[in-house]
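Enquirer: Pasting the sequence and the predicted coordinates here, then a few questions.
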Amino acid sequence: MKRNEDQFELEKVSDYFGARPTVYLGCSLTSPDLTSLRSRLLQEAAEVFQDCGFDVYNPADHTPPGSPHLPREVYAVDHTNAMRCDLVFFIRLQPSLGMGMEAQIAADMLIPWGDVKIKDNSCRLTPLVSGLPNCGLGFQVHLEQADPDAFPGRLRQMLRERMVKTHAREARQARIAAGGIVRHMRLRSCLRRQRLLLNLTSEELANRTGVAAWWIECIERDEKLSDCVTLIQLERLMVEARLAFSKTSDGRLELVPIDHFDQSVIEAADEFVAYVHEMIASGLAAGITDEDWFHRWRDWLRARNLDGPVVAGSSNYNEVDELVSYLSMPVSNVDEETEWQLRQLTQKIDGAIKAAGLPVQIVLPKFQRTNREEHATTIYNQTVSSICSADFGIALLTPPATGVGVTAQLFANATLPCMLVAKQGAAISRMLLGAPFARIGEVVLYDSSETAADAIVDTLKVNFKSLKEAAGRRRRALTHPSNRSLVDALERFRVSHGLSHDDAVSELGKVPFLREEWFQAMTDSEGRTSQVTLLQLAHIVVSLGWHLDVGPGGGLAVLPPCKIHGTEGGDTPTNAEVRAAEESLTNLLEARNIANKKQLFPVEDSVVFEGWRKYCHELTMDAGRAEESRLVRTTNEWVTELLSDEIL
């Protein structure tokens, strides 16, 4: 039974606005405490935040080293608590893999952050954190190593002066508005129902999508996890589960099966999904595996004399000849000796791969020795673009590095398989070990650069066929129009408003809680939009007054309002004018691409802008007397006009 829409919204508002804001305390927990201050600062931070009206989530109280949690349980617990908080506060005493992952999760969820560090210790802030797309609140507490007693007072003063609580609440309100749009897509229910209809286990779906099976099951259990699903994760899940977006009668988007199923089977599946959710909500689903649910589902069908589920076939993909690997390694907080050793290791790895004849190109992080903080957003955006263009990742985990933690979470967001590499005996964050990307073999443990390189090559040889298959599926997903939804929306907005690219990006940069540089990077790099989360996308749409629609191939499309020149004086365009203008604008953009292929030089913006203005003038003149179909300018008509001597 569907939940009443008004009830849904009121419940969410009361849940969020009636609660105190929550702060998540991020800190290195796996490695030994090199400062002997970790426990003290964590406790003092918790006390100050509580006194200032915050609830506190401290991972050290829930998933500390030595707890019985499995790595994926640590990841799930810390991830869900990080994404539900209103503020992240990092205690940066030393580099931390888990802290880097928490920072990226917070960015995916529009959560602001602040931090504390010791002035004279060597833990510099990696540009992969300071360059994150979510805007930090600009509050950073600096302490002298010899005077840690000053911490509570300085933190309390900073919280008051920076109005941190107010900003945290404002960000929360933005997440509520965006999250409501995401939840109405009903991803968790539709995905589970479709797996039942197709007899598609979570393991089978994981093998085809690069999203871990246990994480797929988490998404199906907790509707709020849909917020942090990225566009490429969504696209790959939809393709393999044979889902597409459709519009409901009230104009909302929802996921529907591509294939035809008997209505009685669909109704049975809906009832079964509701039963599963009731079991989960009541705490009775613990220990029930995905296989167990399928056994119950088949019994459910037999009891109703219905045919069993069909078996889902795998989607097609193009063969890949050469693979690209992004090698993530410590950069910000390493001494000269360690830096030299890491350089030697990467050279050995590259050389061993070439010697083995494996068609793999290794991409390394771009180093910038000076002014790293000033170029943090550029460094972060370059890293994300490199990861988007890669086919799999290799993460060097020794010594621990916060930036490597950020890239590990980006690997998961991008559905990249990842190989983990660490020194023998080194402590490894359980949160990273539990990350929901496809693991390439077991953790490669080494005692020298030679043994590391040989072990990496051996692991690649064993897994090379599956890596090529994964790369083919992922590259196909990257070409889907939904992964260009924001880029295409920006172009529609730009052309209908007659704006330069930079001016249009500046308009997007007015969206709160996201950096303008992030928008610029998305429009400059192929496939970059694929890393946007559903929450970020919905937040952009809400903030700008745009809307989501069904795009080509049943994916998502972002549609800004279409500006009709000549109606600025207060005349409201008719529905017929708006529909005709939107279709004509789509045709104009397609015609420009066709025209560009027919001549040596691309069609200039001025030509496109003038053509649109002329069309709008004719539209407002003809709308009252012409049939609606004749108000639309076709693609061929636009091509002729763009290439005509009169316009040029």
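Expert: Looks like it arrived, so ask away.
Enquirer: Next SSE downstream of the strand or helix carrying residue 339?
Expert: Using DSSP states H and E, residue 339 sits within helix 336-355. Toward the C-terminus, helix 336-355 is succeeded by strand 360-363 as the next helix or strand (DSSP H and E).
Enquirer: Determine how far stretch 266-279 lies from the middle of the whole chain.
Expert: Relative to its parent chain, stretch 266-279 has a centroid offset of 28 Å by C-alpha atoms, centre = their mean, to the nearest Å.
Enquirer: thinking again about what came up before, sort out which residues of the helix holding residue 339 are buried, please.
Expert: 342, 345-346, 348-350, 352-353 (16 or more other C-beta atoms under 10 Å). (Each C-beta comes from the backbone N, C-alpha and C, glycine too.)
Enquirer: If you count contacts, what does it end up packed against?
Expert: Packing partners of helix 336-355 (3 or more C-beta pairs under 8 Å, 6 or more residues apart in numbering; DSSP states H and E): strand 360-363, strand 392-396, helix 449-478.
Enquirer: who's in contact with residue 422?
Expert: 396-398, 428, 443-446 (C-beta atoms under 8 Å, 6 or more residues apart in numbering).
Enquirer: could you redo these as TSV and give each row neighbour count and pLDDT?
Expert: Shown next, in TSV, are the contacts of residue 422 (neighbours: other C-beta atoms under 10 Å; pLDDT from 0 to 100):
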residue	neighbour count	pLDDT
396	22	98
397	25	98
398	23	96
428	20	96
443	15	98
444	21	98
445	17	97
446	19	97
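Enquirer: what are the ranges of the helices in the stretch 251-400 of the chain?
Expert: Ranges of helices in the stretch 251-400 of the chain, per DSSP state H, counting those that start in this stretch, are 263-281, 290-303, 336-355, 376-388.
Enquirer: could I get the ones you listed as a markdown table with mean pLDDT and distance to residue 424?
Expert: Conversion of those to a markdown table gives the following (pLDDT from 0 to 100; distance: least, C-beta to C-beta, whole Å):
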| stretch | mean pLDDT | distance to residue 424 |
| --- | --- | --- |
| helix 263-281 | 95 | 41 |
| helix 290-303 | 96 | 35 |
| helix 336-355 | 95 | 14 |
| helix 376-388 | 93 | 28 |
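Enquirer: nearest to residue 327, of the ones you listed?
Expert: Comparison of the helices of the stretch 251-400 of the chain against residue 327 by C-beta to C-beta identifies helix 336-355 as nearest, at 6.2 Å.
Enquirer: distance between the closest one and the chain's centre?
Expert: The answer for helix 336-355 is 31 Å, by C-alpha atoms, centre = their mean.
Enquirer: contacting residues around that helix?
Expert: By C-beta under 8 Å, 6+ apart, the residues outside helix 336-355 that reach it are 327, 329-330, 334, 360, 362, 364, 394, 396, 399, 449-450, 452-454, 456-457, 460.
Enquirer: Quick one, which of those residues are buried?
Expert: For the contacts of helix 336-355, buried by 16+ other C-beta under 10 Å: 327, 329-330, 334, 360, 362, 364, 394, 396, 399, 449, 452-454, 456-457, 460.
Enquirer: which ones are touching the closest residue to residue 467 other than its chain neighbours?
Expert: Nearest in space to residue 467, with sequence neighbours left out and distances taken as C-beta to C-beta, 6 or more residues apart in numbering, is residue 392 at 5.7 Å. Residues near residue 392 by C-beta under 8 Å, 6+ apart: 323, 325-326, 416-419, 440, 467, 470-471.
Enquirer: Now for this structure, the helix or strand with the poorest mean pLDDT.
Expert: Least confident helix or strand, the chain: helix 5-17 with a mean of 39, by mean pLDDT, DSSP states H and E.
Enquirer: so where is the protein shaky, pLDDT-wise?
Expert: Residues of the chain meeting the criterion pLDDT under 70: 1-18, 120-123, 136, 138, 311-312, 368-374, 526, 567-570, 622-629, 645-648.
Enquirer: For this structure, which segments count as strands?
Expert: In the chain, the strands defined using DSSP state E lie at 22-27, 55-57, 87-92, 113-118, 140-143, 243-247, 253-257, 323-328, 360-363, 392-396, 418-423, 444-446, 547-550, 556-559.
Enquirer: Hmm, residue 468 and residue 319 touching each other?
Expert: Yes - Residue 319 lies in contact with residue 468 (C-beta atoms under 8 Å); the separation is 7.2 Å.
Enquirer: For these two, indicate the residue with more neighbours.
Expert: With neighbours defined as other C-beta atoms under 10 Å, residue 319 and residue 468 compare such that residue 468 has more, 18 against 8.
Enquirer: How about the more buried one: what's its closest non-neighbour residue?
Expert: residue 320 (5.0 Å).
Enquirer: ditto for residue 45
Expert: Spatial nearest neighbour of residue 45, excluding adjacent residues (C-beta to C-beta, 6+ apart): residue 25 at 5.8 Å.
Enquirer: who's in contact with residue 25?
Expert: 42, 45-46, 56-60, 89, 91.
Enquirer: can I get these in a markdown table with neighbour count?
Expert: Shown next, in a markdown table, are the contacts of residue 25 (neighbours: other C-beta atoms under 10 Å):
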| residue | neighbour count |
| --- | --- |
| 42 | 20 |
| 45 | 22 |
| 46 | 20 |
| 56 | 19 |
| 57 | 20 |
| 58 | 20 |
| 59 | 22 |
| 60 | 16 |
| 89 | 27 |
| 91 | 25 |
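Enquirer: possible to save the residues you listed as JSON lines with distance to residue 409?
Expert: What follows is those, written out as JSON lines (distance: C-beta to C-beta, whole Å):
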{"residue": "42", "distance to residue 409": "22"}
{"residue": "45", "distance to residue 409": "23"}
{"residue": "46", "distance to residue 409": "25"}
{"residue": "56", "distance to residue 409": "23"}
{"residue": "57", "distance to residue 409": "18"}
{"residue": "58", "distance to residue 409": "20"}
{"residue": "59", "distance to residue 409": "15"}
{"residue": "60", "distance to residue 409": "20"}
{"residue": "89", "distance to residue 409": "18"}
{"residue": "91", "distance to residue 409": "19"}
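Enquirer: on that earlier part again, please report how far the residue nearest to residue 45 lies from residue 221.
Expert: Distance, residue 25 to residue 221, by C-beta to C-beta, to the nearest Å: 26 Å.
Enquirer: now swap in residue 68 and tell me
Expert: Counting by C-beta to C-beta - residue 68 and residue 221 are separated by 21 Å.
Enquirer: and what of residue 493?
Expert: Noted for residue 493: a distance of 37 Å to residue 221, by C-beta to C-beta.
Enquirer: okay, these two: which has more neighbours?
Expert: Taking neighbours as other C-beta under 10 Å, residue 493 and residue 221 compare with residue 493 leading, 22 against 16.
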